[in-house]
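>>> Sequence plus the predicted model coming up.
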Amino acid sequence: MTKMENMKDWFDQILGNMEEAVHILDCDGITVYYNRAASEMDGLNPGDVVGKHVLQVYPSLTPETSSLLQVLTTRKPILNQQQTIVSRTGKTATILYSTYPLFHDGVLAGAFDMCRDITKIKSLAERVTELQAELLGVRRVGRGKNKESDTGCQARYNFNDIVGSHESIVKLKVLGQRVAGTASPVLVLGETGVGKELLVQAIHNASPRKNKPFVAQNCAAFPATLLESILFGTVKGSFTGAEDRPGLFELADGGTLFLDEMNSMPMELQSKLLRVLQDGTLRRVGESSLRQVDTRIIACTNVEPEEAVRNKELRVDLYYRLNVVSLKIPPLRERKSDVPQLVRYFVKYYNARLGRNMTTVSEDVQRIFGEYPWPGNVRELQHAVEHAMNVAPGHSIELEHLPERLRNYRAPKPVHVSEPVYSTATCPNLPELLHNVEKKALLQAMEQCGGNVSKAANCLGIPRQTIQYKLRIHGLLDTGLAKEEPSFEKA
């Protein structure tokens, strides 16, 4: 008995300290548990809720609209739904919830839900949509028949703003200019910080749609239920508190919609996006009729798309539909000849923005900039220059003005494979030879770099993701050779 009482106390402490609101009913709809987060969210004391029927506590609900009562009836869970509730005190809250049945020995014993308050997030999302609409001129009234001439356009950059003369960048600009003249969807590939949105805006501004709306949305910025209404819009009554509101597809009608981190979009929304790509039609949330839109889609993922498909983060049919044209932006470490040009560009930019008169970059700084692998790509270089121009007292950027990670950087020594490359006695065929040489080079690089994966990748002249893959297939990841290291991409 004491053990059972202790376990009950433990469960009370665990549920009581959760950030999610937890509400448990018995089979008759009577509340048997109501945690602190639920109390704070609803503005009710647990004593006013426990022991009462759920409809007494939430008078705005009915047996048909209460997820807890629905689950008691159907015995099936309801997952990731949005609802606006009004408590007995009059407090209104929009929640994101999942509700589950509770069974004991196969017999229904009750139901519980877990939810979190997204009222502020929903309000912010709606305000963002409204501001987008105002900027794009969708809701203008009484401005004459020709509304296209004063339609707002948020794309600021063109191909001249893409700095670099490396062969890969020149080819990218040429291909981007060609792609801009079509209406086909585009998939932009590249690591964090390479300038994907810069390229997307340049494509839009070089296209026949340049005087039409350009709208950008990060798909990881909002919960799934909100993202659907943001992208596709809502009709009044589709859920409690919903209004007639256009989504970003409609706001970008005639123009371009850029979907960043598209692999973060839930699978069910990806199927809805596929319909828009295939026939140019969409349904607002809660609407039965179709709406026609002419919106060009440009998308990108924050992981390799093939990996996203393998991990079931991206629908394979959507991937092939988006991948009509793919543009890959090379990382900065593969075009280091562009670094001096980029540095000059950023110095000039921040001279104007910060009111400085920086004229020179010391040789030590130029050497570090040339050796450093730039895991954060162009964005990291830009921030390094901005940092230096904020702290430098004079007219020259010196080594001591750089961020600490750059000041302390030392280029690793190159790897040399000293043993004979080929021996007929030990290596009878070319695939086995290449396998053994690659494994030996990986081992030597990791040993020379003290197990630092990023340094070893730079030493071998390959991306960090590639060396991790090769370490994995050679069985070297689980040997303790690779050490944990900070990720600059997430910093």
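Now that the structure is in, tell me what you want to look at.
>>> Stretch 33-52: end-to-end distance?
The first and last residues of stretch 33-52 sit 11 Å apart, counting by CA to CA, to the nearest Å.
>>> from the chain's centre, how far out does it sit?
Here the centre of stretch 33-52 is set off from its chain's centre by 35 Å, with CA atoms, centre = their mean, to the nearest Å.
>>> in it, what counts as buried?
The neighbour-count check on stretch 33-52 (16 or more other CB atoms under 10 Å) flags 33-35, 37-39, 41-42, 44, 48-49 as buried. Placement of C-beta: from N, CA and C, glycine included.
>>> need these in TSV with secondary structure, can you?
Below are those laid out as TSV (DSSP: H, G, I helix; E, B strand; the rest coil):
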residue	secondary structure
Tyr33	strand
Tyr34	strand
Asn35	coil
Ala37	helix
Ala38	helix
Ser39	helix
Met41	helix
Asp42	helix
Leu44	coil
Asp48	helix
Val49	coil
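>>> mean confidence for stretch 212-224?
For stretch 212-224, the mean per-residue pLDDT is 86.
>>> can you list contacts of that stretch?
Under the contact criterion CB atoms under 8 Å, 6 or more residues apart in numbering, stretch 212-224 has outside partners 80, 96, 118, 121, 125, 132, 136, 148, 151-155, 197, 200-201, 204, 227, 230-231, 248, 251-266, 268-269, 302.
>>> cool, and stretch 297-305?
185-190, 192, 196, 200, 203-204, 220, 256-264, 273, 276-277, 308, 311, 313-314, 319, 322-323, 465.
>>> how about 7 Å then?
185-189, 192, 196, 200, 203, 256-263, 277, 308, 314, 319, 322 (CB atoms under 7 Å, 6 or more residues apart in numbering).
>>> Over to stretch 347-359?
Under the criterion CB under 7 Å, 6+ apart, residues 385-386, 389, 392, 395-397 lie in contact with stretch 347-359.
>>> Buried residues, it. List them.
Buried-residue list, stretch 347-359, by 16+ other CB under 10 Å: 347, 350, 358.
>>> quick one, phi/psi of the last one?
Spelled out, it's Met358. Dihedral pair for Met358: phi -80, psi 130, per degrees, to the nearest 10.
>>> Show me the shaky parts of the stretch 201-350 of the chain.
The stretch 201-350 of the chain contains residues with pLDDT under 70 at 237-242.
>>> for it, what spans make up the helices?
224-232, 248-251, 267-279, 305-310, 316-322, 339-354 (DSSP state H, counting those that start in this stretch).
>>> Same question for the stretch 51-200 of the chain.
Counting by DSSP H, counting those that start in this stretch, the helices of the stretch 51-200 of the chain are 54-57, 67-74, 119-136, 167-180, 196-205.
>>> Just the mean pLDDT for the shortest one, thanks.
Same thing as helix 54-57. Rounded mean pLDDT across helix 54-57 is 88.
>>> and the two most separated of the buried residues of stretch 33-52?
Farthest apart among those by CB to CB are Ala37 and Asp48. That separation is 15.9 Å.
>>> so which of the helices of the stretch 201-350 of the chain comes closest to Glu287?
Minimum separation from Glu287 across the helices of the stretch 201-350 of the chain (CB to CB) falls at helix 224-232, 8.8 Å.
>>> The closest one to helix 267-279, inter-axis angle?
Between helix 224-232 and helix 267-279, the angle comes out at 20 degrees (axes from the mean of the first three to the mean of the last three CA atoms, to 10 degrees).
>>> residues contacting Val385?
Contacts of Val385 (CB under 7 Å, 6+ apart): 343, 346-347, 350.
>>> Kindly indicate which of those lies nearest Leu108.
Phe346 (64.4 Å).
>>> Quick check: closest non-adjacent residue to that closest one.
Val385 (4.1 Å; CB to CB, 6 or more residues apart in numbering).
>>> The host helix or strand of the one you found: which residues count as buried?
For Val385, the host element (DSSP states H and E) is helix 377-391. For helix 377-391, burial by neighbour count (16+ other CB under 10 Å) applies to 377-382, 384-385, 387-389.
>>> Make a markdown table out of the residues you listed and add pLDDT and distance to Leu402.
Listed next are those as a markdown table, based on pLDDT from 0 to 100; distance: CB to CB, whole Å:
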| residue | pLDDT | distance to Leu402 |
| --- | --- | --- |
| Asn377 | 95 | 17 |
| Val378 | 96 | 16 |
| Arg379 | 95 | 16 |
| Glu380 | 95 | 12 |
| Leu381 | 96 | 11 |
| Gln382 | 96 | 13 |
| Ala384 | 96 | 6 |
| Val385 | 96 | 9 |
| His387 | 96 | 7 |
| Ala388 | 95 | 6 |
| Met389 | 95 | 11 |
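>>> Out of these, which comes closest to Gly450?
Nearest to Gly450, judged by CB to CB, of these is Glu380 at 22.4 Å.
>>> gap between the closest one and Val194?
Counting by CB to CB, to the nearest Å, the gap from Glu380 to Val194 is 10 Å.
>>> now Ala456
22 Å.
>>> Over to Thr119?
37 Å.
>>> and the closest residue to Val163 other than its chain neighbours, how far is that from Gln270?
Sequence neighbours aside, Tyr345 is the residue nearest to Val163 in space, at 4.8 Å (criterion: CB to CB, 6+ apart). Distance of Tyr345 to Gln270, computed by CB to CB: 37 Å.
>>> returning to that earlier point: centre of the chain versus the helix holding Val385, how much separation?
Here the centre of mass of C-alpha atoms in helix 377-391, compared against the chain's by CA atoms, centre = their mean, lies 23 Å away.
>>> Convert the C-alpha atoms of it to PDB, please.
The C-alpha coordinates for helix 377-391 follow below in PDB (Å, rounded to 0.1, in the frame of the first residue of the first chain):
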ATOM      1  CA  ASN A 377      29.100  29.800 -44.900                       C
ATOM      2  CA  VAL A 378      28.500  33.400 -46.200                       C
ATOM      3  CA  ARG A 379      26.300  34.300 -43.200                       C
ATOM      4  CA  GLU A 380      29.200  33.400 -40.800                       C
ATOM      5  CA  LEU A 381      31.600  35.500 -42.900                       C
ATOM      6  CA  GLN A 382      29.200  38.500 -42.900                       C
ATOM      7  CA  HIS A 383      28.800  38.300 -39.100                       C
ATOM      8  CA  ALA A 384      32.500  38.000 -38.600                       C
ATOM      9  CA  VAL A 385      33.100  41.200 -40.600                       C
ATOM     10  CA  GLU A 386      30.200  43.000 -38.800                       C
ATOM     11  CA  HIS A 387      31.700  41.900 -35.400                       C
ATOM     12  CA  ALA A 388      35.100  43.300 -36.400                       C
ATOM     13  CA  MET A 389      33.800  46.600 -37.600                       C
ATOM     14  CA  ASN A 390      31.900  47.100 -34.400                       C
ATOM     15  CA  VAL A 391      34.900  46.600 -32.200                       C
END
